[in-house]
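**Student:** Got a predicted structure plus its sequence, pasted below:
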Amino acid sequence: MTMTPATPKGRVHLVGAGPGDPDLLTLRAARLLEGASLVVHDGLVDTAILAMVNPAAERISVAKARSRHTMQQEDINALLVREALAGRDVVRLKGGDPFVFGRGGEEAEACRAAGIEVEVVPGISSALGASAAAQIPLTHRDHASIVSFVAGQCKGLTEQDWSGLAGKGRTLVIFMGLATAAQISEKLMADGLAPDVPVAVIENATRAQMRVLRSPLAGLEALVSSHRVKSPALIVIGDVARARGDLADHTIRALALEAGK
């Protein structure tokens, strides 16, 4: 009896696409895209990055939008497993970093459970890329020594305890917070944060159409609405979110007060 050899399993590469600008990809990510045969990508991955994919590769979009999902997460996991078990190497391309609010951990677990080898290729997290592009230092010796990352659109948002995440000496960075901007500002003010704490909203970070919009915390909802801010966007809350000139002036005033003691 002749035995048919088993099809060798493929690998899954969880690749971070960074905040948007293709120049910010890692060399490893660029090489995988150039040699890929199958790329499963998110909807917010910039078209300039998708243009780097091997022209012969199959591309599958699993784009997510508010209240609309092309494919549920469980189905994405199943897709990766199915294709890898069929012997294909899969590049799973995700905005930012795969392991920072990218559900990369869930996908890696599903693949490992099926006996599939997984490689994680880190990308510049949207929080780091957006703040750098906007020249907002998430830490600053005079203003913030603690940074917290939270998801603004997730289950049980109102029940989560955010007390202590923002305030003096702290920076709070909120992913996916546009849809819940009103609840976020109300939640933070209810927890004791002052209504005039500086807020910056960074839209389309590192891309040609990037905008940096600022308001006090109490005006966050109005800012998002009046300027029709759309994803991808990040919200930064804390003293570091002041405009660059204001931040410098604030630092000078703080140093003058310190010197006068």
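**Tutor:** Yep, that arrived.
**Student:** what sits against the closest residue in space to M71 that isn't next to it in sequence?
**Tutor:** If you skip the residues right next to it in sequence, M71 has V62 as its closest partner in space, 4.5 Å away by Cβ to Cβ, 6 or more residues apart in numbering. For the C-beta atoms, the positions are set from N, CA and C on the backbone; glycine is no exception. Contacts for V62 were tallied using Cβ atoms under 8 Å, 6 or more residues apart in numbering; they are 40-43, 70-71, 76, 79.
**Student:** Of those residues, which pair is most distant in space?
**Tutor:** Comparing every pair within the contacts of V62 by Cβ to Cβ identifies G43 and L79 as the most remote, at 15.2 Å.
**Student:** before we move on, back to that, which one of the contacts of V62 is nearest to S163?
**Tutor:** Proximity of the contacts of V62 to S163 was ranked by Cβ to Cβ; the top entry is D42 with 32.1 Å.
**Student:** ok, now which ones touch that closest one?
**Tutor:** By Cβ under 8 Å, 6+ apart, the residues touching D42 are 17, 61-64, 93-95.
**Student:** hmm, try it at 6 Å
**Tutor:** Neighbour list for D42: 94-95 [criterion: Cβ atoms under 6 Å, 6 or more residues apart in numbering].
**Student:** Need the per-residue pLDDT for it.
**Tutor:** pLDDT, the model's per-residue confidence, is 93 for D42.
**Student:** What separation do you get for D21 and A110?
**Tutor:** The gap separating D21 from A110 is 30 Å, by Cβ to Cβ, to the nearest Å.
**Student:** and if you look at E221?
**Tutor:** From E221 to A110 the distance is 37 Å (Cβ to Cβ).
**Student:** Strands along the stretch 51-200 of the chain, start to end?
**Tutor:** In chain order, the stretch 51-200 of the chain shows strands spanning 58-61, 64-65, 68-69, 90-94, 117-121, 144-151, 169-175, 198-203, with DSSP state E, counting those that start in this stretch as the criterion.
**Student:** Show me the shaky parts of the protein.
**Tutor:** Low-confidence regions of the chain, defined here as pLDDT under 70, cover residues 1-6, 65-70, 154-156, 245-261.
**Student:** I'd like the distance from stretch 54-65 to the chain centre, please.
**Tutor:** Here stretch 54-65 shows a centroid-to-chain-centroid distance of 19 Å under the convention Cα atoms, centre = their mean, to the nearest Å.
**Student:** Convert the C-alpha atoms of that stretch to CSV, please.
**Tutor:** C-alpha atoms of stretch 54-65 as CSV (Å, rounded to 0.1, in the frame of the first residue of the first chain):
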residue,chain,number,x,y,z
ASN,A,54,4.6,40.6,-4.2
PRO,A,55,2.4,41.3,-7.3
ALA,A,56,1.9,37.5,-7.6
ALA,A,57,0.6,37.1,-4.1
GLU,A,58,-3.0,36.5,-3.1
ARG,A,59,-4.3,39.3,-0.9
ILE,A,60,-7.2,38.8,1.5
SER,A,61,-8.7,41.8,3.3
VAL,A,62,-10.2,41.2,6.8
ALA,A,63,-11.0,44.9,7.3
LYS,A,64,-12.9,45.9,10.4
ALA,A,65,-15.0,49.1,10.7
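**Student:** Can you pull the phi/psi pair for the residue nearest to M71?
**Tutor:** In this entry, V62 is assigned phi and psi values of phi -120, psi 40 (degrees, to the nearest 10).
**Student:** thinking again about what came up before, of E221 and A110, who's got more company?
**Tutor:** A count of neighbours by other Cβ atoms under 10 Å puts A110 above the other of E221 and A110, at 20 against 17.
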